[in-house]
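Engineer: build me a model:
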Amino acid sequence: MTRGASAAVPRAATWRERFAVLVAWWPKARSRAEALPIRDWVSVGSGKPSAVSGFDQPLAWVVTALLALGLVMVYSASVAMHDNPKFANYSPTYFLNRQAMFIALGFVAALVTLQIPISVWEKWAPWLFAASLAALIVVLVPFIGKGVNGARRWIPLGIMSFQPSELAKLSIAMYAASYMVRKMDVKENFVKAVWPMAVALGVVGVLLLAEPDMGAFMVIAAVALGILFLGGVNGRMFLLSVMVLVGAFVLMIAFSEFRRQRIFAYLDPWNPEYAQGKAYQLTHSLIAFGRGEWLGQGLGQSIEKLSYLPEAHTDFLLAVIGEELGFIVVLAVIAAFFWLTRRIFVIGRQAIALDRVFAGLMTQGIGIWFGGQSFINMGVNLGLLPTKGLTLPLLSYGGSGILMNLVALAIVLRVDQENRQLMRGGRA
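Structural biologist: Presented below is the predicted three-dimensional model:
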């Protein structure tokens with residue numbers, strides 16, 4: 001490299017900046033290193049820029065495709081559930097109709113969310129977080145919270161039951177981003193920067209574990225710590241926080257017979273002691289993937305959904321996809337979630353490059369949410385992780401999940417719109 005070229009190279013990136021670039025996928029030539037990750041123009045023959053539409057169309061189409069696949073597979077996975085005495089009063093299309101209703105409500109909520117400037121979310125982030133804490137408390141109140149399979153996680157609202165932990169996932173992304181913006185000047189100080197956030201996360205953890213919902217707490221903890229890391233918290237303090245959190249999870253497992261049995265069942269699922277007990281879901285999920293092979297048994301031809309695989313339309317929907325459509329489609333779903341997560345991170349990194357720190361950190365927190373939850377659900381279905389009660393975003397049956405997923409993605413699209421306005425010289 002010549003001396004002139006060397007002078008054009010930007011300052012050495014910190015380890016946090018290098019990590020953010022790695023997440024955003026950097027396999028382009030070094031000459032493009034300073035370019036913003038998203039453009040609002042495309043090159044034309046005359047060399048002049050030509051404006052494109054004001055939102056991220058590929059992201060919208062991928063989300064639509066995942067919702068459509070989820071709707072079809074929820075119907076396929078639940079069509080025979082009325083044969084089960086527990087669901088004898090349900091029609092074959094009950095879950096299909098409700099999932100379609102949830103998607104419609106989610107689209108309406110997303111359209112409304114698109115009209116709200118990101119500055120409003122930044123202003124109200126602490127209050128939204130407080131509202132989510134209040135909802136997590138209300139769900140634990142007897143005769144208010146709805147219990148299913150020993151867990152009290154839902155608040156009945158007439159046409160649907162709302163799950164406060166889904167709201168908490170979005171609110172923690174907003175609150176942590178707002179918190180880092182407010183604490184930017186003291187981010188190297190543990191007491192002032194990390195300790196208050198750790199206390200807030202601890203309160204959320206206590207409320208979620210009382211339901212219990214350890215899976216949601218793992219996702220929320222990952223979002224909060226990820227935003228602290230990307231926001232520039234001191235590396236030693238971040239590692240200490242991670243070690244404390246991991247230690248807390250280890251202690252929760254060690255002092256809980258139920259959780260220990262789940263770990264043992266995960267390590268040896270075919271052991272007769274576990275195959276008909278704690279590993280029952282896992283073994284039947286693996287059987288479903290084995291039956292599907294590469295191309296699947298055909299849409300609607302799953303046997304495991306016939307009351308063999310519990311929660312086939314929610315937590316283990318991916319297993320039904322594998323059995324009916326084959327591992328090729330499973331790989332396509334994995335690739336779609338990888339692309340979606342990467343795209344969200346790119347939009348967040350662009351916002352930070354435009355000096356919109358709150359919008360960027362919040363968006364990346366949403367990316368951690370989608371990437372982390374989909375990774376855990378897929379890992380559970382494939383036997384790579386212990387069984388956890390987490391749904392697959394955008395695909396699994398569930399009103400709260402679909403609603404909050406679409407609201408979060410609408411916020412990401414709004415961030416992208418405001419980014420494009422700033423790049424065109426307008427005002428976000």
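Engineer: in this protein, which strand has the most residues?
Structural biologist: Longest strand in the chain, counting residues (DSSP state E): strand 151-156.
Engineer: show me what the next helix or strand after it is in contact with.
Structural biologist: Proceeding N to C from strand 151-156, the next assigned helix or strand is strand 161-162, under DSSP states H and E. With contact meaning C-beta atoms under 8 Å, 6 or more residues apart in numbering, strand 161-162 is reached by 135, 146, 154-155, 399-400. (C-beta placed from N, C-alpha, C; glycine too.)
Engineer: show me how far strand 161-162 is from its chain's centre.
Structural biologist: 19 Å (C-alpha atoms, centre = their mean, to the nearest Å).
Engineer: rounded mean pLDDT for the very next helix or strand once past it, please.
Structural biologist: Per DSSP H and E, the first helix or strand lying C-terminal to strand 161-162 is helix 164-182. Mean pLDDT, helix 164-182: 94.
Engineer: just want the angle from helix 164-182 to strand 151-156.
Structural biologist: 90 degrees (axes from the mean of the first three to the mean of the last three C-alpha atoms, to 10 degrees).
Engineer: which other helices and strands contact whatever helix or strand comes next after helix 164-182?
Structural biologist: Using DSSP H and E, the helix or strand that follows helix 164-182 in sequence is helix 195-209. Packing partners of helix 195-209 (3 or more C-beta pairs under 8 Å, 6 or more residues apart in numbering; DSSP states H and E): helix 118-138, helix 164-182, helix 214-230, helix 235-254.
Engineer: which strands or helices does the second one pack on?
Structural biologist: In terms of contacts (3+ C-beta pairs under 8 Å, 6+ apart), helix 164-182 is packed against helix 118-138, strand 151-156, helix 195-209, helix 214-230, helix 357-381, helix 399-423.
Engineer: and that helix, which residues are buried?
Structural biologist: Neighbour-count burial for helix 164-182 flags 164-181 (criterion: 16 or more other C-beta atoms under 10 Å).
Engineer: what do you get for the last one?
Structural biologist: The neighbour-count check on helix 235-254 (16+ other C-beta under 10 Å) flags 237-238, 241, 245 as buried.
Engineer: do you know which of the helices and strands packed on helix 195-209 lies nearest A109?
Structural biologist: helix 164-182 (11.7 Å; C-beta to C-beta).
Engineer: what's the angle from the closest one to helix 118-138?
Structural biologist: 130 degrees.
Engineer: where among the helices and strands packed on helix 195-209 is average confidence lowest?
Structural biologist: Among those, helix 235-254 carries the lowest mean pLDDT (a mean of 81).
Engineer: between that helix and helix 195-209, how many degrees?
Structural biologist: Put simply, helix 235-254 runs at 20 degrees to helix 195-209, going by the same axes, to 10 degrees.
Engineer: helix 235-254: how far from the chain's middle?
Structural biologist: For helix 235-254, the distance to the chain centre is 21 Å (C-alpha atoms, centre = their mean).
Engineer: run the angle between it and helix 214-230 for me.
Structural biologist: In terms of direction (the same axes, to 10 degrees), helix 235-254 departs from helix 214-230 by 170 degrees.
Engineer: for helix 235-254, packing partners?
Structural biologist: helix 195-209, helix 214-230, helix 257-267.
Engineer: what's next to the longest strand of the chain, contact-wise?
Structural biologist: Against strand 151-156 from outside (C-beta under 8 Å, 6+ apart): 135, 138-140, 144-146, 148, 161-165, 211-213, 389, 400.
Engineer: please pick the buried ones from the residues you listed.
Structural biologist: Among the contacts of strand 151-156, those classed as buried by 16+ other C-beta under 10 Å are 135, 139, 145-146, 161-165, 211-213, 389, 400.
Engineer: TSV for those residues, including distance to G226?
Structural biologist: Listed next are the buried ones among the contacts of strand 151-156 as TSV, based on distance: C-beta to C-beta, whole Å:
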residue	distance to G226
A135	23
V139	25
G145	29
K146	31
S161	29
F162	25
Q163	22
P164	21
S165	18
E211	23
P212	23
D213	19
G389	22
S400	22
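Engineer: now, which of those residues sits nearest F95?
Structural biologist: Among the buried ones among the contacts of strand 151-156, and counting by C-beta to C-beta, the member closest to F95 is S161, at 13.8 Å.
Engineer: and the gap between the closest one and R153?
Structural biologist: Separation of S161 from R153 (C-beta to C-beta, to the nearest Å): 9 Å.
Engineer: likewise for F87?
Structural biologist: For F87, the distance to R153 - C-beta to C-beta - is 19 Å.
Engineer: cool, V415 as well?
Structural biologist: 29 Å.
Engineer: same check on S78?
Structural biologist: From S78 to R153 the distance is 20 Å (C-beta to C-beta).
Engineer: same check on D56?
Structural biologist: 32 Å.
Engineer: any weak-confidence spans in this structure?
Structural biologist: 1-54, 186-193, 426-428 (pLDDT under 70).
Engineer: show the contacting residues for the most centrally placed residue in it.
Structural biologist: The centroid of the chain falls nearest to F370 when counting by C-alpha atoms, centre = their mean (2.1 Å). Neighbour list for F370: 337, 340-341, 344, 393, 405, 408 [criterion: C-beta under 8 Å, 6+ apart].
Engineer: just those: which are in helices?
Structural biologist: The members of the contacts of F370 that map onto helices under DSSP state H are 337, 340-341, 344, 405, 408.
Engineer: neighbour-wise, which of those residues leads?
Structural biologist: In terms of neighbour count, N405 stands highest of the ones in helices among the contacts of F370 at 28 neighbours, by other C-beta atoms under 10 Å.
Engineer: so that residue makes contact with P393?
Structural biologist: Yes. Using C-beta atoms under 8 Å, N405 is in contact with P393, at 5.1 Å.
Engineer: L267 - how many residues pack around it?
Structural biologist: Using other C-beta under 10 Å, L267 has 11 other residues around it.
Engineer: repeat for H284
Structural biologist: 20.
Engineer: check M197 too.
Structural biologist: M197, neighbours per other C-beta under 10 Å, totals 21.
Engineer: can you tell me the closest non-neighbouring residue to it?
Structural biologist: Y179 (5.8 Å; C-beta to C-beta, 6 or more residues apart in numbering).
Engineer: how far away is the nearest residue to A210 once chain neighbours are set aside from R152?
Structural biologist: Nearest in space to A210, with sequence neighbours left out and distances taken as C-beta to C-beta, 6+ apart, is L140 at 5.7 Å. L140 sits 6 Å away from R152, going by C-beta to C-beta.
Engineer: ok, S400 touching E166?
Structural biologist: Yes. With contact defined as C-beta under 8 Å, S400 counts as touching E166 (4.2 Å).
Engineer: this completes my enquiry, with thanks.
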